[in-house]
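K.L.:
Sequence and predicted model, in that order:
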Amino acid sequence: MKDRYDDIDEYIADLKSEIEANDQCATHYYNLGLALLSKRDFVGAEGALLQAVRNSPHLAEAYVQLGGICLERGDLDGCLRYNEEAANCRAKFPVPWSNIAFVHLQRGNPDKAITALNKALKWDPDFVQAQNALATAYFMKGELDACEKQCKAIIEKQPGFAPAWNNLALCHLDQGRVAEARDAAAKAAELGFEVPQGLLDELAAAQQS
């Protein structure tokens, strides 16, 4: 286990030694991929994770990590493909469904995102990132009441989850509730969320009008 090591390079060296002794172990390659990711060695990590799925084609977690590497380089197609593969391997694994939804949101397809998010939340109803992505999807569709309800449901359970406050600010601004939008944006910022400058500018303009 990595916890035994004070130095990530020592951990990586030991994993490579293990792989030399047994290059059929998908777990060693997967762990090597994670270790290399922690050093932001995306090329090395990708190679290790690809070998992991060659050795164990149903290792869903490895496909998710490969999708993350694609996202790092702006490859939405690759991100979607790998997360779909992960979901095919383990349909009840909520993370790839949430990642699939993220790609659809990036592409402006909230309906497809909602379908994926409902699957993520079916298997993990408390998956707060997926809950918040659902609020984003409702906002993109112009379903402001649904967006507000979703944001408030998140905040009720996790009042420190800043992205939900940011989504609530966007929602209230579109509802014309400027003071409430300003308060929600301030709360998001207080919790460490970097509120987009565009939203801050809109709030300032709305306050002056």
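P.N.:
Done, it's in. Numbers count the residues shown, from 1 in each chain.

K.L.:
Could I get the buried residue list for stretch 142-151?
P.N.:
For stretch 142-151, burial by neighbour count (16 or more other CB atoms under 10 Å) applies to 143-144, 146-148, 150-151. Placement of C-beta: from N, CA and C, glycine included.

K.L.:
One more: stretch 65-82?
P.N.:
Neighbour counts using 16+ other CB under 10 Å place 65-71, 78-82 of stretch 65-82 among the buried residues.

K.L.:
quick one, helices of the protein?
P.N.:
Using DSSP state H, the helices of the chain run over 8-21, 26-38, 42-55, 60-72, 76-89, 94-106, 110-123, 128-140, 144-157, 162-174, 178-190, 197-208.

K.L.:
what comes into contact with the third one?
P.N.:
Read that as helix 42-55. Contacts to helix 42-55, defined as CB atoms under 8 Å, 6 or more residues apart in numbering, come from residues 24-27, 29-30, 32-34, 36-37, 59, 62-63, 65-66, 69, 72-73.

K.L.:
Provide a list of residues in contact with the spatially most central residue of the chain.
P.N.:
With distances taken as CA atoms, centre = their mean, the residue of the chain nearest its centroid is residue 99 (5.7 Å). Applying CB under 8 Å, 6+ apart, we find residue 99 in contact with 64, 67-68, 79, 83.

K.L.:
Let me have those in JSON lines, adding distance to residue 13 and pLDDT as columns.
P.N.:
Shown next, in JSON lines, are the contacts of residue 99 (distance: CB to CB, whole Å; pLDDT from 0 to 100):
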{"residue": "64", "distance to residue 13": "26", "pLDDT": "98"}
{"residue": "67", "distance to residue 13": "27", "pLDDT": "98"}
{"residue": "68", "distance to residue 13": "24", "pLDDT": "97"}
{"residue": "79", "distance to residue 13": "30", "pLDDT": "98"}
{"residue": "83", "distance to residue 13": "31", "pLDDT": "98"}
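
K.L.:
May I see those residues organised as JSON lines, with distance to residue 180 added?
P.N.:
Output for the contacts of residue 99, formatted as JSON lines (distance: CB to CB, whole Å):
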{"residue": "64", "distance to residue 180": "37"}
{"residue": "67", "distance to residue 180": "37"}
{"residue": "68", "distance to residue 180": "35"}
{"residue": "79", "distance to residue 180": "35"}
{"residue": "83", "distance to residue 180": "35"}
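
K.L.:
of those residues, closest to residue 188?
P.N.:
Taking CB to CB as the measure, residue 188 lies nearest residue 68 of the contacts of residue 99, at 24.7 Å.

K.L.:
I figured that closest one was touching residue 79, is that so?
P.N.:
Yes - counting by CB atoms under 8 Å, residue 79 is a contact partner of residue 68 at 7.4 Å.

K.L.:
Give me the phi and psi for residue 142.
P.N.:
Residue 142 has phi and psi values of phi 80, psi 10 when expressed as degrees, to the nearest 10.
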